[in-house]
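Asks: how would this look folded up:
(one chain, ligands or ions: 1)
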Amino acid sequence: MALQLGDDVPDFTAETTEGPIKFFDYLGSGWGVLFSHPKDFTPVCTTELGRVSALKPEFDKRNVKVLGLSVDALDSHKGWANDIHETQGHALNFPLIADHDKKVANLYGMIHPNASDTFTVRSVFVIGPDKKLKLTLTYPASTGRNFDELLRVIDSLQLTAKHKVATPSDWKQGGDVIIVPSVNDNDAKALFPDGWKTVKPYLRVVPQPKS
Ligand code: BEZ
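Replies: All right, here's what the predicted structure looks like:
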């Protein structure tokens, strides 16, 4: 069965552009993003890998380790990395798995046979420090992902892991948040001593908690 939110994610070993990796050792005690690409030397994937390389400092700031995957061999990845640097202006600065036997792709359900039985779809898995699955995204080959959105959801995941809040539609870092329904008004007084705005009894808005 496909991995679902809250599941323990499977560990694996893999060849990558930065040498062999044991996934959980690579993640350490922080957060992780594992994301797949349909194929090397394809246009959309080239832009995506350039974009994630440009955003690497943003992932680092959030203590998130990034790991890409494409089902081609290591030699192919190395040649493609030159193109990514040349065309996108950013060198590949995180490991890319050479999953030529589709071991990791199958383990994580990245191949959707009714879309393609040879290529992976554009899967994204966000993994928490507890090695549980926090978020998945699945895009078709024809649509490049929005990595600013990925950073936004990571901000939400990290905030809501720490505080008893949820983030509203289109929330961005610094925006107001919502007190989770499981916290009653009495308990909310201790958690949010500066108060909140009750729009409806179930919709209580509060400034984003600091740190
Ligand atoms: C691409 O990355 O550009 C791509 C890959 C497979 C099918 C279509 C587009």
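Asks: Grab the nearest non-local neighbour of I179.
Replies: Leaving out its chain neighbours, the residue that sits closest to I179 by C-beta to C-beta, 6 or more residues apart in numbering is R204, at 4.2 Å. In this view, the C-beta of every residue, glycine as well, is placed from N, C-alpha and C.
Asks: Which of the three states applies to that neighbour?
Replies: strand (DSSP: H, G, I helix; E, B strand; the rest coil).
Asks: what bridges to it?
Replies: Beta-bridge pairing of R204 under DSSP bridges involves T198.
Asks: tally of neighbours for it?
Replies: Residues contacting R204 under the criterion other C-beta atoms under 10 Å number 21.
Asks: Surely it touches A188?
Replies: Yes. Look at R204 against A188 with C-beta atoms under 8 Å: they come within range, at 6.8 Å.
Asks: Overlap in contacts, those two.
Replies: The overlap between the contact sets of R204 and A188 (C-beta atoms under 8 Å, 6 or more residues apart in numbering) consists of 179, 196.
Asks: how much space between the spatially most distant residue from the centre of the chain and F192?
Replies: No residue in the chain sits farther from the centre than N186, which is 35.3 Å out by C-alpha atoms, centre = their mean. Look at N186 and F192: by C-beta to C-beta, to the nearest Å, they are 12 Å apart.
Asks: could you say what helices and strands the helix ranked longest in the chain packs with?
Replies: Identified as the longest helix of the chain according to DSSP state H is helix 43-61. Applying 3 or more C-beta pairs under 8 Å, 6 or more residues apart in numbering; DSSP states H and E, we find helix 43-61 packed against strand 31-37, strand 64-70, helix 74-88, helix 147-162.
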